[in-house]
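*Asks:* return a 3D structure for these sequence lines:
(2 chains)
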There are 2 protein chains.
Amino acid sequence: MFDVDPHRFLEDLHMLRRFGKDGVGVRRRAFSEADIAARDWLAERIGEAGLLPQFDPLGNLFGLAPGRSLLIGSHSDTQPEGGWLDGALGVIAALEIARASAAAGGPAVSIVSFQDEEGRFGALTGSSVWSGKLALQEADGLRATDGMTFAEARAKLGSDVGDFVDPARFAGFLEMHIEQGPVLDQAKEAIGVVTGIVGLRQLQITVNGQQNHAGTTPMALRRDAFTAVTCISTLLEDRFANVVTPQSVWTIGHLRLEPNASSIVPGRAVFTLQWRDADAERLSRMERVILDTLDDVRLSSGCEISAERLRQDLSPMPMDETMQSVLSQAAEAVAPGRWRAMPSGALHDASNVAALMPVGMLFVPSINGISHAFGEDTAEADLVTGLQVLAEAVRRV
Amino acid sequence: MFDVDPHRFLEDLHMLRRFGKDGVGVRRRAFSEADIAARDWLAERIGEAGLLPQFDPLGNLFGLAPGRSLLIGSHSDTQPEGGWLDGALGVIAALEIARASAAAGGPAVSIVSFQDEEGRFGALTGSSVWSGKLALQEADGLRATDGMTFAEARAKLGSDVGDFVDPARFAGFLEMHIEQGPVLDQAKEAIGVVTGIVGLRQLQITVNGQQNHAGTTPMALRRDAFTAVTCISTLLEDRFANVVTPQSVWTIGHLRLEPNASSIVPGRAVFTLQWRDADAERLSRMERVILDTLDDVRLSSGCEISAERLRQDLSPMPMDETMQSVLSQAAEAVAPGRWRAMPSGALHDASNVAALMPVGMLFVPSINGISHAFGEDTAEADLVTGLQVLAEAVRRV
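*Replies:* Here you go, the predicted model:
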């Protein structure tokens, strides 16, 4: 069986960090110069590792082992101001394992760096098209905030592009990623074995009250749109208590008041309410609580309240049971007592790939839970533990 | 004694409405062409009424009766999208009473239309300078949102300008105005005798929490700036109950979240909290409740919370007792049982003039409480009742 080389792994991780480096963070937006240069560098490394580098028409970069193989990977594009690890960690861990495994004569491991996971165009664009969730023609019409379309972006790939890679050649997919949350760091644990990727629902809620003079309108005669929002928020806090688990989350992240002036009673408030859970049934129960609460506040506040779905629901995606079991055994072997099973609150390419093959996923800690920011980091020992657990899982698959 | 002519009064009110007319509303911003034309028209009318028209250096237009007199008036400038009555009502009522009184040989009544009550430059600019509350030099530096200074604006007055009018020539001041709130309309009453103009305090409150991923950050580990705001708002609703009267008001009218994105736990919220009451002691008690609540939410939410005063406090300004008594007697004589004593929740020139002489003020109903909008209106019968009460008060002063 193969052995991984932590030193070589960390060295490559720091090599990749140099593409788009900005202080301790990186700017490596999908299809930016830095991103394309990083992928070209990775293609070379893939070749050196004894694998066949292949860009597909989306800019997903594969390193293919011959015959049927296990696929490992993540993504190497970043947010506009991204951390140095995020998906890069999973790509370089995959490279190290595939390289070590190829040198040792097996097992057969292929790797991938998906394109536009961070959603410069859509969200998880590369794996969405590859997994059949999103039609290529539809993806081509997606537009970045700077006006560029996905079609224009992928035209930059030029003559490097090969065919789509047939998913049938892979027996399964493993992804390592930073947690992007504070749970492992706070618990001083090294590994999270992902049980599933949570589902997400979101409503945009509009409250129409009565705009009024803030001096001449008695409290009893007001229909204050903002007071109605605080009422909704406070009631949900109470009413969710009987429905949720400690893994359920809900957020009012965006709010706009009109006319938004200190001497005018707000006549209108528009806000988003987003909730996530690993259990589709619980997502629905939370939705019923929300809609009941809107009904109640409509009556108590005298405001008109309407709710609209502006984005598609995302269903929870459980990870493959066998993959979870193998990852758990590997975690217990490498880091006994220092791991936990946990849901992923963030989306990952694994969620798309799960439509094609058995998928497993593991997390390493994010210091202070910081993610999608230059300050994102993970202790070096935890990076190496993550590599070792992933390698051990590959040996056991 | 004199008798007023309701028909002539309504005719002049509609004549003034034509300056800056836009549909049923008016656009007659201070020092706009429409405003200056309206004041020139009013100066002619003043002359026809047997009074001496005089613009002071601020653009305040007086119609002076000889010797010592009672001053009546309001303002004829409007908001960018103003109602046709607002201050114009008080100016034309004053004109009718002064005209009738001059024709009847007394009592001596002068009139005024103050300039920039609606705060194109400052707030109540004309009466602020005239009453000595604001230095002319300071006013001259005030700038409208279009960049024009007050000095440039009043230069438009040209050679029409006379001296400042000596306040000592006036025995007192009466102002009639629309209520700008729903109280009289809802109660189906015709007249409000103003007991005082409420004081106003305002804090800008900044909540610094922790910006986080809305999927990966468990509820228990969040420091959500918006949740802290809803907590403050809800607690104040409860805690004010033991402190306030039905005339006290408080408003969160302006709120900004950062980064204000649906998938990110808000890291920062900045909002204004404004409260008004006719009693300075109650304003202070409300402030203590607010500051205690900020302390409590600071502890419970883990957010940093700070409060800053960005605008000057306005002290409550009680109306003169004798004037209130005279107006009450006049209201009971003209509209028995259809009037009430009430505070003014909005600011008025009367608040400034009260520093110079005894001041009284009365309200007529605003239909549906609408004000500072094209849709502002008052039933014609109520306009005439207001005129009659004001005239009766002048007879009794």
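*Asks:* which residues are in contact with the residue nearest the centre of chain A?
*Replies:* Among the residues of chain A, the one closest to the centroid is residue A:347, at 3.1 Å (Cα atoms, centre = their mean). Taking Cβ atoms under 8 Å, 6 or more residues apart in numbering or on different chains, we find residue A:347 in contact with A:123, A:124, A:197, A:200, A:314, B:215. Glycine gets a C-beta too; all of them are placed from N, C-alpha and C.
*Asks:* out of the residues you listed, which are inside strands?
*Replies:* Those of those mapping onto strands are A:197, A:200, per DSSP state E.
*Asks:* do you have the strands of the stretch 201-350 of chain A handy? List them.
*Replies:* A:212-213, A:249-251, A:255-258, A:264-265, A:268-277, A:304-308, A:317-318, A:339-344 (DSSP state E, counting those that start in this stretch).
*Asks:* what segments of the stretch 51-200 of chain A are helices?
*Replies:* A:86-104, A:125-130, A:136-140, A:150-155, A:183-187 (DSSP state H, counting those that start in this stretch).
*Asks:* out of the ones you listed, deepest packed?
*Replies:* helix A:125-130 (a mean of 27; mean count of other Cβ atoms under 10 Å in any protein chain shown).
*Asks:* give me the contacts around it.
*Replies:* A:30, A:56, A:58-60, A:75, A:114-117, A:119, A:122, A:134-136, A:139, A:142, A:150, A:164-165, A:167, A:349, A:352-353.
*Asks:* list only buried entries from those.
*Replies:* A:30, A:56, A:58-60, A:75, A:114-117, A:122, A:134, A:139, A:142, A:150, A:165, A:349, A:352-353 (16 or more other Cβ atoms under 10 Å in any protein chain shown).
*Asks:* still on that earlier bit, measure the residue nearest to the centre of chain A to residue A:119 for me?
*Replies:* 9 Å (Cβ to Cβ, to the nearest Å).
*Asks:* and if you look at residue A:387?
*Replies:* 27 Å.
*Asks:* please apply the same query to residue A:24.
*Replies:* Residue A:24 is 23 Å from residue A:119, by Cβ to Cβ.
*Asks:* wait, what's in contact with the residue of the stretch 201-350 of chain A found nearest chain B?
*Replies:* Residue of the stretch 201-350 of chain A nearest chain B, by Cβ to the nearest Cβ: residue A:216 (3.0 Å). Contact analysis of residue A:216 by Cβ under 8 Å, 6+ apart lists B:179, B:180, B:181, B:344, B:345, B:346, B:369, B:371.
*Asks:* specify the residue positioned farthest from the middle of chain A.
*Replies:* residue A:216 (49.3 Å).
*Asks:* okay, now the residue nearest to that one when sequence neighbours are not counted: neighbour count?
*Replies:* For residue A:216, ignoring the flanking residues on the chain, the nearest one in space by Cβ to Cβ, 6 or more residues apart in numbering or on different chains is residue B:181 at 3.0 Å. As a burial measure, residue B:181 scores 27 neighbours (other Cβ atoms under 10 Å in any protein chain shown).
*Asks:* residues contacting residue B:181?
*Replies:* A:212, A:213, A:215, A:216, A:217, A:218, B:345, B:346, B:366, B:369, B:371.
*Asks:* also residue A:355?
*Replies:* Taking Cβ under 8 Å, 6+ apart as the definition, contacts of residue A:355 comprise A:131, A:132, A:133.
*Asks:* swap in 10 Å and give it another go.
*Replies:* A:127, A:128, A:130, A:131, A:132, A:133, A:167, A:317 (Cβ atoms under 10 Å, 6 or more residues apart in numbering or on different chains).
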